[in-house]
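A.B. asks: Sequence plus predicted model, see below.
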Amino acid sequence: MLLRVPPGAPAALKVLAAAGAAPAPVRPHLGDPAEGPELELDSGTVLFSANAICQYFYLCRGEEPTDLTTQWLEWEATELQPAVVAALYLRLVQGRAGPDALGLLQHLLAHLEQHLARSGTAHLAGDAVSVADVVVWGSLFPVLQDDTSLPSELQVLRSWFRAMSLWEPCRDAAALLPEAPRELRAHLARRPPPLPTPQGARGGVPAGRGRLAGAGAARRSPGSPQDEEGPERAPSDADVAAAVEMWARGPAALPPPRQPRAPVLPVEGERNVLITSALPYVNNVPHLGNIIGCVLSADTFARYCRLRNWNTLFVCGTDEYGTATETRALEEGLSPQQLCDRYHALHADIYTWFRISFDHFGRTTTPQQTRIAQDIFQRLLARGFLLQDTLEQLRCESCGRYLADRFVEGTCPFCAYAEARGDQCDRCGKLINAVELKDPRCKVCRGTPTVTPTQHLFLDLPKLEGRLEAWLERTWAAGDWTANARHITRTWLRDGLKPRCITRDLTWGTPVPLDGFRDKVFYVWFDAPIGYLSITADYTEHWERWWKNPQQVELYNFMAKDNVPFHSVVFPCSLLGADDNYTLVNHLIATEYLNYEDGKFSKSRGVGVFGDMAKDTGIPADVWRFYLLYLRPEGQDSAFSWADLLLKNNSELLNNLGNFINRAGMFVCKFFGGVVPAMALTPEDQRLLARVTLEVRQYHQLMEKVRIRDALRCVLSISRHGNQYIQVNEPWKRIKGDERDRQRAGTVTGVAVNVAAALGALLQPFVPGVSAAIQAQLRIPPERCGLGPGLTCTLPAGHRVGTVSPLFQKLEPEQVEALRQRFGGGQVSGAQAKQPPPASAPPPAPTAAAAPGDPKLIQELTEQVAKQGTLVRQLKAAQVEKAQVDAQVAKLLELKQQLALAEGRSPEVPKGKRKK
């Protein structure tokens, strides 16, 4: 490989240091190119981004990027680097003193100090030097030169900078550029002066605030508190002029309402967006982490797409086949179909309450699923992408069957966890083949299974690997995949793909249409993603216009990170091998995990809020939506906290957002008879329009990149601007003054109520019920409820508003503490509390229905006792939750007592409760 580095480029130092850390020597060529470093790989590919070059050298060391290093590189590129260039220009070109230049970096340096001190690690992403350290040091060194330039109070940062400067690759890189200051000066003098960077430039703020001029969309800095605020870039004259022009266009600036179509089908010449949310397992009640990880995130983006008038289809459904369903059906004494019917309805009810706007919520137990899955299978078979091989599988002779993964447990071969499942270890998260378990046990009879050979079918992933990598290269170049999705996919590809079994010895699943395998079904992770296609086919017979139309359709997949490999490797390989022009994912959006307080959600321990419980808390669905989206774990795990929920509801929703919208509407009603007054804009008003328009533009940029959490902060920033605007101008005082004051009160009120109207549209993807309430209270016509590119005057003078009332209610500490205690462990979920008795254990017949000695009653009760006894034994053998077993044992005892009475005997007192 060949590395070309212009000595005068600000990025030269970090690239040279990273090259020095590479495992094989890289001889740099110092000279051209004029603009920035270039790395030409042996394959002929050229890398032009300095940070990408640094990251490549670390990949050569075998060090994969982590979320934290990726965040630091984004922060360095979007916040630190522009400030450093501005500081160098001040010092080297304009000859300003060092303190002036350092002043531009003050808040950035303070953030680095804070992170290093708080993390307790020697370096930015851990105890070892990472690519993040090299990149940040390389940017800072030309300004600082040595640690003595740093303020004395930044002791931790000084120590880090000194250590990095003495690290051999950094020391050698600096030695290669002895004339760096002179060459930097020449380089900067040839370029336009950098736009001024505000004195308040800082390290950690939500995107959309404090943007460095010329830096593009700011990113949240790594390790920074989510709520940290920072100073903002003042709008330029050009910003103000553009905002005033946008305002003057009025409703004409808004897109016309899109006429709904049924079914939604792709339209040539339009942007056609297909959105899927990972199919939830039917047998589990989703908790808050499941909801934000897929369906709520996807719903928020789908609503945004519709607001933009993009032709959008949003599908999801319950994943109903597989071992997990069979296991839960056994636990609950139901057939798999009965269990699926019950839980599908439960899922649908939960998502309806959370206002999830599916175009279709289906299920995988349909004829369409069988037809499409078998067609893909046949095409793979015909093209030589399937293998037959003997698989060693655990067989339980007592049960007379091969044991599917979920029917086996044992000790994890990786971490020695004693209760690992046959497919994955819940402790270390590694995928396991059941035969790898130590001390395996059958979950049904507790017997020891034996390893027995059985024939299975495999997807030949190695044969498809070249197609997959070529597709990924194209997709990653054009699409938006989250950093964790790319990282997980690279990890799977790094060591080469291996054939993956796609069949299972089960009865509950899509049958395999091949002689010799007709007693088997497809493995759920071959079968389940095909559910996206079959659910769409259940919605419309023209499903292929979405799923075999990659030229016209953009596909977004939403999921939690544990589902990434199956959507980025296994499923794409199936569709690539089928070779039928399938639509493949363009944008794979994966979240990290949402935890609960200080631990994890646990249904068995009653810890955490599950979907069926949320509506019983008395907290509205939109408040849940807001808080989950505010916490959305986009770059790292986050945690639900009752105390923080109270704080965000009372501060952000009630005091910030709700307060502004309510005041703006109430001023119209109270001071102007419910009619929007005339407005004569002053320069102060125009600056507010510009600030709001900048936030709206940033909102659009973030939403288009599916950075939902940061986009929500733009909305909250707009309402803060509105509150400050009202507080400064005090219309409630001015309305009592002279004509000039009253006119000013009218302008402020009119502008404020128009900002409130804009918030109604901006909030729609996040809190649709609140959005609808705002639009109803302000009587905004449907044609003015769209989302424009900036703030426009949608409520002109003379518009009459409706009755304005508070949008949010205060949460009291006592109320929240009671909920925290309730969901801290031991509660029964709504599903458990409301579900009917299992089919195999009907309610006991009333004893008054027949006299003692009635043969018909005795026979009926005898059969019920036998059936209930069998269910109890099965549940105990499967080691299900003790509460469930105890409930079924209680029913068995009650049935036995009724049988004794029917036979004329005294009921037996249960052991341990006999009278003394």
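C.D. replies: Yep, it's here.
A.B. asks: Identify each buried residue in stretch 555-572, please.
C.D. replies: Taking 16 or more other C-beta atoms under 10 Å as the basis for neighbour counts, the residues of stretch 555-572 that come out buried are 555-561, 563-572. No exception for glycine: its C-beta is placed from N, CA and C like everyone else's.
A.B. asks: swap that for stretch 622-641, please
C.D. replies: For stretch 622-641, burial by neighbour count (16+ other C-beta under 10 Å) applies to 622-635, 638-641.
A.B. asks: out of everything not next to it in sequence, what's closest to residue 430?
C.D. replies: Ranked by C-beta to C-beta, 6 or more residues apart in numbering and with sequence neighbours excluded, the top spatial neighbour of residue 430 is residue 414, at 5.0 Å.
A.B. asks: so the one you found is in which element?
C.D. replies: With secondary structure defined by DSSP states H and E, residue 414 is part of neither a helix nor a strand.
A.B. asks: My guess is it contacts residue 425. True?
C.D. replies: Yes. With contact defined as C-beta atoms under 8 Å, residue 414 reaches residue 425; the gap is 6.5 Å.
A.B. asks: Neighbour count: those two, which is higher?
C.D. replies: residue 425 (20 against 15; other C-beta atoms under 10 Å).
A.B. asks: check contacts around the more buried one.
C.D. replies: Under the criterion of C-beta atoms under 8 Å, 6 or more residues apart in numbering, the contact partners of residue 425 comprise 412, 414-415, 417, 432.
A.B. asks: Repeat that for residue 553.
C.D. replies: Contacts for residue 553 were tallied using C-beta under 8 Å, 6+ apart; they are 266, 272-274, 546-547, 583.
A.B. asks: Local confidence estimate at it?
C.D. replies: If you check residue 553, the pLDDT there is 97.
A.B. asks: Please dump the contacts of residue 553 into TSV; it should also carry secondary structure for every row.
C.D. replies: Formatted as TSV, these follow (DSSP: H, G, I helix; E, B strand; the rest coil):
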residue	secondary structure
266	coil
272	strand
273	strand
274	strand
546	helix
547	helix
583	coil
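A.B. asks: Any chance of a PyMOL selection covering the buried ones in those residues?
C.D. replies: Typed into PyMOL, the next command selects the buried ones out of these (criterion: 16+ other C-beta under 10 Å):
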select buried, resi 266+272+273+274+546+547+583
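A.B. asks: And the contacts of residue 553, which is closest to residue 455?
C.D. replies: Closest approach to residue 455 among the contacts of residue 553 (C-beta to C-beta): residue 547, at 31.5 Å.
A.B. asks: that older thread, which of the buried residues of stretch 555-572 fall within helices?
C.D. replies: Among the buried residues of stretch 555-572, the residues falling in helices (DSSP state H) are 564-565, 571-572.
A.B. asks: Scan the contacts of residue 425 and report the most crowded one.
C.D. replies: Tallying neighbours with other C-beta under 10 Å puts residue 412 at the head of the contacts of residue 425, with 22 neighbours.
A.B. asks: Isn't it up against residue 440?
C.D. replies: No. Residue 412 lies out of contact with residue 440 (C-beta under 8 Å); the separation is 11.3 Å.
A.B. asks: So which residues of the stretch 201-350 of the chain form helices?
C.D. replies: Along the stretch 201-350 of the chain, the stretches classed as helices by DSSP state H, counting those that start in this stretch are 237-249, 288-290, 296-307, 323-332, 336-353.
A.B. asks: Compare these and say which comes out lowest on pLDDT.
C.D. replies: Mean pLDDT is lowest for helix 323-332 among the helices of the stretch 201-350 of the chain, at a mean of 83.
A.B. asks: Spell out, range by range, the strands that occur in the stretch 1-150 of the chain.
C.D. replies: If DSSP state E, counting those that start in this stretch is used as the criterion, the strands of the stretch 1-150 of the chain fall at 2-5, 28-30, 38-40, 46-47.
A.B. asks: what's the closest of these to residue 363?
C.D. replies: strand 46-47 (46.2 Å).
A.B. asks: ok, how many other residues are close to residue 478?
C.D. replies: 9.
A.B. asks: for residue 869, that is, sorry about that
C.D. replies: Here the number of neighbours of residue 869 (other C-beta under 10 Å) works out to 15.
A.B. asks: That one is in what secondary structure piece?
C.D. replies: Taking DSSP H and E as the definition, residue 869 sits inside helix 855-877.
A.B. asks: Now that helix - C-alpha only, PDB.
C.D. replies: Listed in PDB are the C-alpha atoms of helix 855-877, where the atom choice follows Å, rounded to 0.1, in the frame of the first residue of the first chain:
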ATOM      1  CA  PRO A 855     -71.700 -41.400  37.700                       C
ATOM      2  CA  LYS A 856     -71.500 -38.800  34.900                       C
ATOM      3  CA  LEU A 857     -70.000 -36.200  37.200                       C
ATOM      4  CA  ILE A 858     -67.500 -38.700  38.600                       C
ATOM      5  CA  GLN A 859     -66.400 -39.700  35.200                       C
ATOM      6  CA  GLU A 860     -66.000 -36.100  34.100                       C
ATOM      7  CA  LEU A 861     -64.000 -35.100  37.100                       C
ATOM      8  CA  THR A 862     -61.900 -38.200  36.900                       C
ATOM      9  CA  GLU A 863     -60.800 -37.300  33.400                       C
ATOM     10  CA  GLN A 864     -60.200 -33.700  34.400                       C
ATOM     11  CA  VAL A 865     -58.000 -34.800  37.300                       C
ATOM     12  CA  ALA A 866     -56.000 -37.100  35.000                       C
ATOM     13  CA  LYS A 867     -55.500 -34.400  32.400                       C
ATOM     14  CA  GLN A 868     -54.600 -31.800  35.000                       C
ATOM     15  CA  GLY A 869     -52.100 -34.200  36.600                       C
ATOM     16  CA  THR A 870     -50.400 -34.700  33.300                       C
ATOM     17  CA  LEU A 871     -50.100 -31.000  32.700                       C
ATOM     18  CA  VAL A 872     -48.600 -30.400  36.100                       C
ATOM     19  CA  ARG A 873     -46.000 -33.200  35.500                       C
ATOM     20  CA  GLN A 874     -45.100 -31.700  32.100                       C
ATOM     21  CA  LEU A 875     -44.700 -28.200  33.600                       C
ATOM     22  CA  LYS A 876     -42.500 -29.500  36.400                       C
ATOM     23  CA  ALA A 877     -40.400 -31.500  33.900                       C
END
